[in-house]
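# here are the coordinates; sequence isn't available:
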C-alpha cells in the first residue's frame with residue numbers, strides 16, 4: 001500500500017507540473033494527464049495481486065469518491081469542462 005501511495009503522490013506531482021506548464025494547450029495537457037494516469041495504473045497493477053485489487057475495488061465502491069478537479073465539473077487542472085468536452 002505504501003508503494004501504491006508513492007505512485008499516486010508521484011503522479012499527482014506530475015499532473016500539477018503539466019497543469020502549470022503554460023507552453024501546453026488545454027488539449028495537450030489533457031492528453032499528457034491521461035497518459036500519466038495510464039502509466040500510474042500500470043505501475044499499481046504490478047504492485048498488487050488480483051485478490052488485493054478485488055478488495056480495493058470493493059472498498060472504493062463503498063466509500064466516497066474524490067477526484068482531483070472533478071468537483072463542480074472541473075477538469076484535472078481545475079478548468080471548467082462543457083458537457084461535450086469531457087475527458
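All right, it came through fine. Because the structure is predicted, anything quoted here is derived from the model rather than measured. Numbering: from 1, shown residues only.

# and the spatially most central residue of the chain, what does it touch?
Central residue of the chain (C-alpha atoms, centre = their mean): residue 37, 4.9 Å from the mean position. Neighbouring residues of residue 37 by C-beta atoms under 8 Å, 6 or more residues apart in numbering: residue 11. (Each C-beta comes from the backbone N, C-alpha and C, glycine too.)

# Report pLDDT for residue 52.
The model reports residue 52 with a pLDDT of 79.

# Roughly how far does it sit from residue 16?
Distance, residue 52 to residue 16, using C-beta to C-beta, to the nearest Å: 28 Å.

# and the lowest-mean-pLDDT helix or strand in the chain, what does it pack onto?
None of the helices or strands of the chain scores lower by mean pLDDT, DSSP states H and E than helix 50-62, at a mean of 82. Applying 3 or more C-beta pairs under 8 Å, 6 or more residues apart in numbering; DSSP states H and E, one finds that helix 50-62 contacts no other helix or strand.

# Residues contacting that helix, please?
Contact with helix 50-62 is made by 45, 48, as judged by C-beta under 8 Å, 6+ apart.

# Would you mind listing where this structure has pLDDT under the threshold?
Applying pLDDT under 70 to the chain picks out residues 64-76, 78-87.

# where do the helices sit along it?
2-19, 26-45, 50-62 (DSSP state H).

# And for this structure, the residue most distant from the center?
The centre of the chain is farthest from one residue, residue 51, which by C-alpha atoms, centre = their mean lies 22.4 Å away.

# what's the closest non-adjacent residue to residue 40?
Closest residue to residue 40 apart from its sequence neighbours, by C-beta to C-beta, 6 or more residues apart in numbering: residue 11 at 4.1 Å.

# Check the gap between the one you found and residue 18 for me.
Distance, residue 11 to residue 18, by C-beta to C-beta: 10 Å.

# Return every residue with contacts to both of these two.
With contacts taken as C-beta under 8 Å, 6+ apart, residue 11 and residue 18 have residue 36 as neighbours in common.
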